[in-house]
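Colleague: What follows is a predicted protein model with its sequence.
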There are 2 protein chains.
Amino acid sequence: MGITLKELAAALDLSPTTVSRALNGYPEVNEATRQRVQLAARKAGYQPNTRAKGLATGRAHAIGHVIPLSTSHEIVNPIFADFIAGAGESYSRAGYDMVLSVVADDAEEDAYRSLIARGTVDGLMVHAPRHHDSRVALLSELGCPFMVHGRTSEVTSPYSWLDINNKRAFQRATEFLIELGHKRIALINGLETMDFAIRRRNGYESAMQAAGLALDPALIRSAEMTEPFGYRAAQEMMRQPVPPTAFLTSSMLVAYGLRRGLVDLGLTLGREVSVITHDDDLSYLPNGGDVPLFTATRSSVREAGRKAANMLLEVVTGRAAPPLTCLMEAALVVGSSTGRLRQ
Amino acid sequence: MGITLKELAAALDLSPTTVSRALNGYPEVNEATRQRVQLAARKAGYQPNTRAKGLATGRAHAIGHVIPLSTSHEIVNPIFADFIAGAGESYSRAGYDMVLSVVADDAEEDAYRSLIARGTVDGLMVHAPRHHDSRVALLSELGCPFMVHGRTSEVTSPYSWLDINNKRAFQRATEFLIELGHKRIALINGLETMDFAIRRRNGYESAMQAAGLALDPALIRSAEMTEPFGYRAAQEMMRQPVPPTAFLTSSMLVAYGLRRGLVDLGLTLGREVSVITHDDDLSYLPNGGDVPLFTATRSSVREAGRKAANMLLEVVTGRAAPPLTCLMEAALVVGSSTGRLRQ
DNA sequence: ACAATTTCTCAAAACGCTTTGGGCGCTAAC
DNA sequence: GTTAGCGCCCAAAGCGTTTTGAGAAATTGT
């Protein structure tokens, strides 16, 4: 708690009004006084009290992020750290605070209600939307500006979102494998309660069907995206009577596991078996160095965070009217984990 | 923004004073009226405005976390997500908000100053302390309650912290390897600007020296903890004239990379070469299933988050006087990545 | 039955800021 | 030389709470 506006004003022998105006760039104050005020403020380390300012202006200058923690499988989405980092950059630049609420998903709606009712935030970011997600309807009804990182289905009302083109990315990746001669392509997906996973599966299925290839349920698997899951998937699938010759997966971590499972079986990636992964470009999960290890559909989640936050700020400050949407395309980067099918 | 206290009072035909007291559990209000007020408040979905409450009480009911983003190598610490999740649990339980500030590390001090001066938070959590870290001195001087996740050296004044016994963990792990007959043990450490990395190195070195083993600089390496780093370390070290027979590393991700590097060279973990890793028990980086894959020094960072937050709340609410400290021991769990040295 | 308590309730001030609605002293205009 | 206009500044109200200091009503004591 530093110095107060009143104190600063007293020290300058000015009224609080004038000091406030001088600092907030209002025109009706003499340029000389403004300089004097600004200098004094800087020297005294004066920063306006957030709460008082918020009370007076009716705005919190803060954005809320609610991080759902699945009650059944308590996994924190690894995406989250980089997205937050990106969003945080945008908020600081704009002078906004970020308030985080980590809650079990059965208490999630209350968390949103509370954040809004208490006036703690001016806007909300919705993370990890499920395929059927009631949060969008709830927030629309509550009338608080919000932005979804991803999308959700079966929502009638328009809403703001930023998503990557998951379907297209996985469609292209599948086509790429098909062009290399692969016919039995496995999909090791994330949890299919999540919207992004459904879209990825759709992309995979369209490409397969367009190429006249059968969809074998034995080649599709979905679970929480971890390394051991990838390992098990590889091991089990390769022991099938007619094993896949290529894998498509949703995360670097799963790809690590796949690679280990395949290598354990004496297979070489890019030769006997191909792997394409989605790469969120997480700072702590680099896909090799300059030249990518895995062939991947890549899209920076950090950048997504930056963009989504900026869009939300546009809405919150009234510079743009919702709904704002942004569909980012993922790049298909070719690494050494894919190769032409060999008999 | 929901209903206001004044409105609620008017609807009940009571004064704001009485309503406030009824809701906050003050004794000087009739039990019958209290019931009436509470019911009405619940029905109207009344929640006190955070800012107004804060202004009146002089407390923000919020804790700040400043996440440093190294300007040189922009890696978000993967630890961070689970720690935040744990801390978040504690805060919600106590009715506190968490405000996050993601800043480049050259703007970090300003972030702390600002959070405090603007009265946005009642307390601060310090992440990822460096070996020499000016933040502790700064915060002590600013007089805001704070808690460090980890420790820092060469600080004269006492401060509150929660840390795991990094030195002891790595000492025990090294001893364990020595008992298995290993003499050439490599340390693949995190960045040694970080305090935890120094302590781990100390633990390793004490155990080596106590056993009369030479410290070979060629067997020690430190960098950002990623999978590719582990891979390179394994490959390069095993190509040395006298390669190590065991590895000790600071992170699951590095361990993944080590394993790949070693397996690529035709070595089997737990047979030709041993690996012990530190396992932060991150939800998305499980060390196998029920039976651990890697032998590891394990300590849940999620749990650390919960504890650290609770301790900070004790200080902030005045229930305890700083400094509060907590040293958690890591468990040494035995997996299949270690084995007796064979000639 | 009257004073002394105790119970319950309220009006008003305070928290630190922004914003509204003047007001004072100049200069420009007629 | 009055009026109008402008530039600069201020007092006071208001934001939604909590908290202080009192007061009315009900209860107790004698």
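Modeller: Sure, I can see it.
Colleague: ok, now how distant is the closest residue to A:G270 other than its chain neighbours from B:I220?
Modeller: Distance criterion C-beta to C-beta, 6 or more residues apart in numbering or on different chains; nearest residue to A:G270, sequence neighbours excluded, is A:G339 at 4.3 Å. Using the backbone N, CA and C atoms, a C-beta is placed for each residue, glycine as well. Distance, A:G339 to B:I220, using C-beta to C-beta, to the nearest Å: 37 Å.
Colleague: Same question for A:D216.
Modeller: In this view, A:D216 and B:I220 are 49 Å apart by C-beta to C-beta.
Colleague: Of these two, which one has the most company?
Modeller: B:I220 (18 against 14; other C-beta atoms under 10 Å in any protein chain shown).
Colleague: returning to that earlier point: ok, the residue nearest to A:G270 touching A:L267?
Modeller: No: the pair A:G339 / A:L267 is not scored as a contact, 11.5 Å apart, by C-beta atoms under 8 Å.
Colleague: pLDDT weak spots in chain A?
Modeller: Along chain A, the model assigns pLDDT under 70 to residues A:1, A:72, A:343.
Colleague: which residues does A:M237 contact?
Modeller: By C-beta atoms under 8 Å, 6 or more residues apart in numbering or on different chains, the contact list for A:M237 reads A:186, A:218-219, A:221, A:243-244, A:247.
Colleague: Burial check on the residue nearest to A:G270, number of neighbours?
Modeller: Look at A:G339: counted by other C-beta under 10 Å, it has 18 neighbours.
Colleague: So it lies in a helix, does it not?
Modeller: No: using DSSP: H, G, I helix; E, B strand; the rest coil, the secondary structure at A:G339 is coil, not a helix.
Colleague: picking up where we left off before, PyMOL command for the buried members of the contacts of A:M237?
Modeller: Here is the PyMOL command that picks out the buried ones among the contacts of A:M237, judged by 16 or more other C-beta atoms under 10 Å in any protein chain shown:
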select buried, chain A and resi 186+219+221+243+244+247
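Colleague: CSV for the contacts of A:M237, including distance to A:A308 and secondary structure?
Modeller: Listed next are those as CSV, based on distance: C-beta to C-beta, whole Å; DSSP: H, G, I helix; E, B strand; the rest coil:
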residue, distance to A:A308, secondary structure
A:A186, 32, strand
A:A218, 37, helix
A:L219, 34, helix
A:R221, 30, strand
A:P243, 40, coil
A:P244, 35, coil
A:F247, 30, strand
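Colleague: which of the contacts of A:M237 lies closest to DNA strand C?
Modeller: Proximity of these to DNA strand C (C-beta to the nearest atom of the strand) peaks at A:R221, which lies at 55.6 Å.
Colleague: Isn't the closest one up against A:I188?
Modeller: Yes: judged on C-beta under 8 Å, A:R221 makes contact with A:I188 at a distance of 5.5 Å.
Colleague: Mind jotting down where the helices sit in the stretch 1-150 of chain A?
Modeller: Here the stretch 1-150 of chain A has its helices, by DSSP state H, counting those that start in this stretch, at A:5-12, A:16-23, A:31-44, A:50-57, A:79-94, A:108-117, A:135-142.
Colleague: ok, the nearest residue to A:A40 once chain neighbours are set aside - how many residues close by?
Modeller: Among residues not flanking A:A40 along the chain, A:L12 sits closest, at 5.6 Å (C-beta to C-beta, 6+ apart). Using other C-beta under 10 Å, A:L12 has 18 neighbouring residues.
Colleague: check contacts around A:L12.
Modeller: Contacts of A:L12 were listed using C-beta under 8 Å, 6+ apart, and they are A:19, A:36-37, A:40.
Colleague: what about burial for those, which qualify?
Modeller: A:19, A:37, A:40.
Colleague: Now do the last one against B:I116, distance only.
Modeller: What that stands for is A:A40. Distance, A:A40 to B:I116, using C-beta to C-beta: 20 Å.
Colleague: How about the first one?
Modeller: Plainly put, A:V19 is 21 Å away from B:I116 if you go by C-beta to C-beta.
Colleague: Say whether chain B is contacted by stretch A:181-200.
Modeller: No: using C-beta under 8 Å from any C-beta of the partner chain, stretch A:181-200 never reaches chain B; the gap is at least 11.5 Å.
Colleague: Pull out the buried positions in that stretch.
Modeller: So for stretch A:181-200, counting by 16+ other C-beta under 10 Å, buried means A:182-192, A:194-200.
Colleague: do stretch A:333-343 as well
Modeller: A:335, A:337-339, A:341.
Colleague: Adding distance to A:H149 as columns, could you present these in CSV?
Modeller: Listed next are these as CSV, based on distance: C-beta to C-beta, whole Å:
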residue, distance to A:H149
A:G335, 26
A:S337, 28
A:T338, 29
A:G339, 34
A:L341, 36
